[in-house]
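# structure for the following, please:
(one chain, ligands or ions: 3)
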Amino acid sequence: MAEAASGRTEEEFQDLLRRLELALDASQIGVWQHNVNEAELLWDPQMHKLYGTGMSDRKVPSDVWMNALHPEDLERAGKDFQAALDSRSFYNSQFRIILPNKEVRYLRSRAHFYEDLDGSPSFIGAEWDVTADVLLNRELISQKAIAEARAVALEQSRARIEYAADHDYLTGLPNRRYLDRRLAELRKDPSVETLAVLHIDLDGFKEINDKWGHAAGDATLQSAAARISAAITANDIVSRVGGDEFVTVLFNVGSDEKLQTIAEDILSRLRREVRFGNEMLRIGASIGVAFSPSSSAGNLLAESDIALFQAKKLGRNRVEFFTPELQADLHAERRLADQLRLAPVLRQIEPFYQIQVDARSRCIVGLEALARWRHPDKGLLNPAAFLKVAEEYGLTAEIDAAVLRRALADRAAWVSQGLAPPRIAVNISGRRLADPDLIEGLRALRIPRRVIAFELVETIFLDDPDDRVLANIAAIKEMGIDIEIDDFGSGHASLIGLVKLKPKRLKIDRQLVTAVTVSEEQRRLVASIVDIARALNVEVIAEGVETEEHARILAEVGCDELQGYAIGYPSPEGEIAAQLKSAQAQSRGRSVAASVGRVTGSAKRRSNRS
Ligand code: C2E
Ligand code: MG
Ligand code: MG
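Ligands and ions are numbered 1, 2, ... in the order given. I've put the predicted structure just below:
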């Protein structure tokens, strides 16, 4: 029948069968057959090997197969078979079996549906071991998952590094690096029409750090960061660019007024107290604003910084906008500061002297040395032209020192000319008074006792002076240098300060002095200052004595000494030397009071009017 069907000879058929058996044996593929209506299977020897039955019977109860199946795969394998049966088509499944030695193997099974001679539904199929493939595949999948997880971790750490490079660890805000990059991007962004930069600097932050420690400083910065962020939209940028400096970039805000409102809002948020433990910390802020169309926004950061400088200069706790005039002023100011820094070294700072006389005898009892700057282009400058800049740029101490050195040198020259110069008062700034090296520097000058007095010009500190200032003042007194309080009554120095400081003298401010000729009340005020000073054993000098009438009244109310245009204008060294000489000569002859009066009268006409 086979011969007829295939058209082959028996010999050819046997040969084909042998080759097929060899191929199956080599491939280790088992062949099975199953008549669905019967509870047994037909297995070839290779099937027995696959299932490790140790048998070779061609007929096998279907239980043998069922029992070998892995319990977890039983249901699915059954379903696969049922599906093939229902559709009377191809069977394709993969499942695990458990060998008698408990080893688990993966088998792949494929079969064709057919009906046998009596019409029973049957399958004939092949089965082979795919354990190695499955395990390899599983290994590949797990390797792939590991590689993917590694890539994710790598990406995360790259992002973390990038984030750290762009952000401030304390507040979590972007830093300067990020800000510069974003600003450059925004300038090129066609959807950005205007850009505004708000430069915010906290006022009073250093004090919090000094007084409450760094943890309090950190808490303040974190709270400031949160408050600024809350005041702007999520699109805007806020970054921390330095210790207590923040920069906010806003785009397409529209108008100056709107910006002003936003800046004021930030200010008021920052002014609210910050809770730190049981303490409530108080800070403020200064804000500089620069605003421009994005196309010309190249200098916004620098411009906002200039505006900020101006806000601080005008007393802090305020908002200032950048203007080109501001920049020009600042430029001129910086140039002046640069020149002023060199001025003491180039001997351009020199003292003018203003005579102080005894209120009754009108004898010369003192000189006040007042700084003048011989500017190479601008000529002789009064303190009004340079002291503010000096203070802003921290140059006052150098100027004070230069004036003192020159005054000591002038005094030595006068002495060598046979003159007997009176004590010289020099002005000393708060900055110099707080200088830890001040005393050592003074000692090096070998100042004779009782010839120099220091006028404290920034008496603001006197109510709450720090320890260094107090120690320096004590050391100055010990060196035989008098302490005087300048501008007393101008609002800075208080009585408490006076009691604490125990100065040698106080100088009643010109404002109070001027009015004594017109107001009885003012006269009584000056008189009571004199009384208090007396009680404290402090001498009194009246400043700004402009007329003879002033001089008379001030002497009447008890002032010890007088200084002012009525007595003499501030004058250069040469003129003062001449005055001292003639005063000295005349005092040998006639009454001292009369001679001093004549000398100062002529000096008034000659001297530089300041
Ligand atoms: P001050 O120490 O109160 O000096 C008195 C100022 O009043 C001087 O101005 C003086 O020229 C002026 N003055 C004197 N008599 C009269 C008068 O009768 N009428 C009027 N209207 N003014 C009179 P100056 O020299 O321009 O100095 C101004 C301020 O600059 C000084 O006020 C002082 O605070 C400060 N200063 C001057 N030299 C120095 C210095 O070497 N170091 C420091 N730190 N400050 C100085
Ligand atoms: Mg003075
Ligand atoms: Mg004064």
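
# can we go C-alpha only for contacts and neighbour counts from here?
Fine.

# and the residue of the stretch 351-500 of the chain closest to ligand 3?
Minimum separation of the stretch 351-500 of the chain from ligand 3 (CA to the ion) falls at residue 487, amounting to 4.2 Å.

# need the three-state assignment for that residue.
strand (DSSP: H, G, I helix; E, B strand; the rest coil).

# list the residues that contact the closest residue to it other than its chain neighbours.
Using CA to CA, 6 or more residues apart in numbering and skipping residues adjacent in sequence, the residue nearest residue 487 is residue 509, 4.1 Å away. By CA atoms under 8 Å, 6 or more residues apart in numbering, the contact list for residue 509 reads 486-490, 542-544.

# hmm, 7 Å instead?
Contacts for residue 509 were tallied using CA atoms under 7 Å, 6 or more residues apart in numbering; they are 487-490, 543.

# go back to those residues and keep what's next to ligand 1.
Among the contacts of residue 509, the ones lying near ligand 1 by CA under 6 Å from any ligand atom are residue 487.

# just give me the least confident of the contacts of residue 509.
Least confident of those in the model: residue 490, at 78.

# need the nearest residue in space to that residue, chain neighbours excluded.
residue 509 (5.9 Å).

# look up phi and psi at the one you found.
Phi and psi for residue 509, reported as degrees, to the nearest 10, are phi -60, psi 150.

# just the pLDDT at it, thanks.
What the model reports as pLDDT for residue 509 is 92.

# repeat for residue 599
Per-residue pLDDT puts residue 599 at 48.

# number the chain from 120, please
Got it, first residue is 120 now, which makes that one residue 718.

# mind listing the helices for the stretch 220-369 of the chain?
In the stretch 220-369 of the chain, the helices defined using DSSP state H, counting those that start in this stretch lie at 250-285, 295-307, 324-331, 333-350.

# among the ones you listed, which comes closest to ligand 3?
Proximity to ligand 3, assessed across the helices of the stretch 220-369 of the chain by CA to the ion, is greatest for helix 324-331 (29.9 Å).

# so which bits of that closest one are buried?
Of all the residues in helix 324-331, those buried under the rule 16 or more other CA atoms under 10 Å are 324-325, 327.

# can you check stretch 302-321 too?
302, 305-306, 311-321.

# name the residues of the stretch 470-619 of the chain found near ligand 1, please.
Where the stretch 470-619 of the chain comes near ligand 1, counting by CA under 6 Å from any ligand atom, the residues are 489-490, 501-503, 515, 518-519, 522, 546-548, 576, 606.

# quick one: low-confidence parts of the chain?
Counting by pLDDT under 70, the ranges of the chain that qualify are 120-126, 413-416, 577-583, 610-613, 709-729.

# residue numbers of it in contact with ligand 3?
Residues of the chain lying close to ligand 3 by CA under 5 Å from the ion are 605-606.

# map the structural domains onto the sequence of the chain.
Per automatic domain parsing, the domain ranges recorded for the chain read 138-248, 295-441, 455-709.

# need those domains in TSV with distance to residue 287, can you?
Below are the domains of the chain laid out as TSV (distance: least, CA to CA, whole Å):
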stretch	distance to residue 287
domain 138-248	55
domain 295-441	7
domain 455-709	30
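
# ok so, going back, so what's the residue of the stretch 470-619 of the chain closest to ligand 3 up against?
626-628.

# closest to residue 132 out of these?
residue 628 (136.0 Å; CA to CA).

# and for the nearest residue to residue 512 once chain neighbours are set aside, the neighbour number?
Nearest residue to residue 512, sequence neighbours excluded (CA to CA, 6+ apart): residue 456, at 6.8 Å. By the measure other CA atoms under 10 Å, the count of residues near residue 456 is 21.

# tell me the SS of residue 456?
Assignment for residue 456 (three-state DSSP): helix.

# how close does it get to residue 515?
Applying CA to CA, to the nearest Å, the value for residue 456 to residue 515 is 11 Å.

# joint contacts of those two?
residue 509.

# about what we covered before: quick one: buried ones out of the residues of the stretch 470-619 of the chain next to ligand 1?
Buried among those (16+ other CA under 10 Å): 489-490, 515, 518-519, 522, 546-548, 576, 606.

# as a markdown table, the residues you listed with distance to residue 350 and secondary structure would be great.
Below are those laid out as a markdown table (distance: CA to CA, whole Å; DSSP: H, G, I helix; E, B strand; the rest coil):
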| residue | distance to residue 350 | secondary structure |
| --- | --- | --- |
| 489 | 50 | strand |
| 490 | 48 | strand |
| 515 | 40 | helix |
| 518 | 45 | helix |
| 519 | 46 | helix |
| 522 | 50 | helix |
| 546 | 46 | strand |
| 547 | 44 | strand |
| 548 | 41 | coil |
| 576 | 42 | coil |
| 606 | 44 | strand |
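
# make TSV out of those and add distance to residue 134.
TSV is the format used below for these (distance: CA to CA, whole Å):
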residue	distance to residue 134
489	131
490	128
515	118
518	121
519	123
522	127
546	128
547	125
548	121
576	126
606	131
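
# mind listing the helices in the stretch 620-729 of the chain by residue range?
Assigned helices in the stretch 620-729 of the chain, in chain order: 629-633, 639-654, 667-675, 692-708, 711-725 (criterion: DSSP H, counting those that start in this stretch).

# just the stretch 420-569 of the chain next, same as before
Using DSSP H, counting those that start in this stretch, helices in the stretch 420-569 of the chain cover 443-461, 502-511, 515-535, 549-552, 557-563.

# tell me which other helices or strands the fourth one touches.
Just to be clear, that refers to helix 549-552. Taking 3 or more CA pairs under 7 Å, 6 or more residues apart in numbering; DSSP states H and E as contact, there are no helices or strands that helix 549-552 lies on.

# run the chain-centre distance for it.
Offset of helix 549-552 from its chain centre (CA atoms, centre = their mean, to the nearest Å): 27 Å.

# also the last one?
In terms of CA atoms, centre = their mean, the centre of helix 557-563 is set 36 Å apart from its chain centre.

# pairing partners for the following helix or strand past it, with directions?
On the C-terminal side of helix 557-563, the closest following helix or strand by DSSP states H and E is strand 571-575. Applying DSSP bridges to the sheet, strand 571-575 is found paired with strand 542-547 (parallel), strand 601-607 (parallel).
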